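Novice: mind looking at a prediction? Sequence and model below.
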There are 2 protein chains.
Amino acid sequence: MTPRGRRPGGTDTRASILAAARTDFAEQGYDAASVRGIARRAEVDPALVHHYFGGKAALFARVMDIPADPAALIAAVVSGPRDRVGENLVRTFLGVWDSDDGRERFQALIRSALTHHEATVMLREFLTREVFGRVLRELAPDGPAPHELELRAGLAASQMVGLAVMRYIVEFPAVVDATHDELAALLGPTIQQYLVPPG
Amino acid sequence: MTPRGRRPGGTDTRASILAAARTDFAEQGYDAASVRGIARRAEVDPALVHHYFGGKAALFARVMDIPADPAALIAAVVSGPRDRVGENLVRTFLGVWDSDDGRERFQALIRSALTHHEATVMLREFLTREVFGRVLRELAPDGPAPHELELRAGLAASQMVGLAVMRYIVEFPAVVDATHDELAALLGPTIQQYLVPPG
């Protein structure tokens, strides 16, 4: 199966795939990079990439050290009750960010994404395609999302990004001390309003 | 008036004050730094600091290269019509950020504030005292702000910070392309809801 006689499994293969993915995402961006190209660079069969990492989005999450696969989280939220999308989204993200090792990795991720142009572009392409693309397809399944829907998704992202910055980077005391219940109660309606406008 | 025979005006004096302020804010943080201490380091009379820069908040804005004095902007917004605080705040900040030389300086400011711990602490103390302190005093003039009011001010900040990150750093296309009118219409109610809760 694997070209050039590499063994099909083990730490070595996984490490090779991760290293190749890191290089390809950085050089080509998220959109242009492909599982096939990453497999070629790692000298393994593309099926192994899927086997170990579950596809491009999940592989990217591993490379960027994102604590959980955002695409999977978003999918769970938008497939839940439509009238609780906002609250569920806030609770879901807080659950990941405040997990045991989530906070430090998340701080590093935000800093990197906001300061290295390459990382910014990768993250923007990933968020556009895998996270907000999914939200938009769920909200407007019948066609391409109009400008306003994209803007609404972007503003929902802006509220969650801003929450992350104030809670984990700036460490504004009242925002750091707030419980998940308080944040869900205050931010849930905001996200709901952006993603599921009334009427 | 000025100790040690320095002349009381001119480029030299202003530059000395700015250099002293930069050092004192960085070493002591915003709260602990004082006009008196900065004047002492610059070897000028404190009255000259007020004369040239108008006080500690405005001096800090100059040192941090903030395009406008946020304290003055906030004061104008909260003293306007109570039912348009959200919309006016969004329009006011966008006006500064999108001004001719505002955008590049603002990008540099965000990056610095998010990546250098010293700058993060300075900015947090400044925002807490000069920006949100003013909002809170306006919203609850009769006493110390309870936890919920501080949290609401922090969440309003989080929405504006997140907007800035998505529009100027991540450059999410729909958020970059949005007009001030669109952003005021969508974000105004969010800020209004946080700062001026109904009932």
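Specialist: Arrived safely.

Novice: max-length helix in chain A?
Specialist: helix A:10-32 (DSSP state H).

Novice: next secondary structure element downstream of it?
Specialist: In the C-terminal direction, the helix or strand that comes right after helix A:10-32 (DSSP states H and E) is helix A:35-42.

Novice: can you tell me, leaving aside adjacent residues, what's nearest to the residue in chain A positioned nearest to chain B?
Specialist: Of all residues in chain A, A:Gly162 sits closest to chain B, at 2.4 Å by C-beta to the nearest C-beta. Bear in mind the C-beta positions are built from the backbone N, C-alpha and C, glycine included. Closest residue to A:Gly162 apart from its sequence neighbours, by C-beta to C-beta, 6 or more residues apart in numbering or on different chains: B:Gly162 at 2.4 Å.

Novice: now do stretch A:78-86: distance to the chain's middle.
Specialist: 18 Å (C-alpha atoms, centre = their mean, to the nearest Å).

Novice: what's in contact with it?
Specialist: Stretch A:78-86 is contacted from outside by A:77, A:88, A:134-135, A:138-139, A:187-196, using C-beta atoms under 8 Å, 6 or more residues apart in numbering or on different chains.

Novice: with stretch A:110-117 instead?
Specialist: So stretch A:110-117 is in contact with A:119-120, A:123, A:164-165, A:168-169, B:110-111, B:114-115, B:165, B:169-170, going by C-beta under 8 Å, 6+ apart.

Novice: one step back: after the host helix or strand of the residue nearest to A:Gly162, next one along is what?
Specialist: Using DSSP H and E, B:Gly162 falls within helix B:147-164. Scanning forward in sequence from helix B:147-164 by DSSP H and E, the next helix or strand is helix B:173-177.

Novice: average pLDDT across that following helix?
Specialist: What helix B:173-177 shows for mean pLDDT is 93.

Novice: which secondary structure elements does that helix contact?
Specialist: helix A:147-164 (3 or more C-beta pairs under 8 Å, 6 or more residues apart in numbering or on different chains; DSSP states H and E).

Novice: mind checking pLDDT for A:Pro67?
Specialist: 66.

Novice: do the same with A:Leu186
Specialist: 96.

Novice: again, but for A:Val165
Specialist: Reading off the model, A:Val165 has pLDDT 89.

Novice: I figured it hits B:Gly162, correct?
Specialist: Yes: contact criterion C-beta atoms under 8 Å: A:Val165 and B:Gly162 qualify, at 6.9 Å.

Novice: would you map out the domains in chain A?
Specialist: Following automatic domain parsing, one gets these domains for chain A: A:3-62, A:70-195.

Novice: quick one: closest of these to B:Ala174.
Specialist: domain A:70-195 (3.7 Å; C-beta to C-beta).

Novice: poorly predicted segments of chain A, please.
Specialist: For chain A, the stretches flagged by pLDDT under 70 are A:1-10, A:67-68, A:71, A:102, A:143-145, A:199.

Novice: now do the contacts for the residue nearest to the spatial centre of it.
Specialist: Central residue of chain A (C-alpha atoms, centre = their mean): A:Pro70, 3.6 Å from the mean position. When contacts are counted by C-beta under 8 Å, 6+ apart, A:Pro70 is found next to A:Ala61, A:Leu127, A:Glu130, A:Val131.

Novice: hmm, try it at 6 Å
Specialist: A:Val131 (C-beta atoms under 6 Å, 6 or more residues apart in numbering or on different chains).

Novice: helices and strands around the helix holding B:Gly162, which ones?
Specialist: helix A:147-164, helix A:173-177, helix B:133-139, helix B:180-195 (3 or more C-beta pairs under 6 Å, 6 or more residues apart in numbering or on different chains; DSSP states H and E).

Novice: at 10 Å instead, please
Specialist: On a contact count with 3 or more C-beta pairs under 10 Å, 6 or more residues apart in numbering or on different chains; DSSP states H and E, helix B:147-164 meets helix A:147-164, helix A:173-177, helix A:180-195, helix B:85-97, helix B:102-115, helix B:133-139, helix B:180-195.

Novice: helices or strands up against the last one?
Specialist: Packing partners of helix B:180-195 (3+ C-beta pairs under 10 Å, 6+ apart): helix A:147-164, helix A:180-195, helix B:70-78, helix B:85-97, helix B:133-139, helix B:147-164, helix B:173-177.
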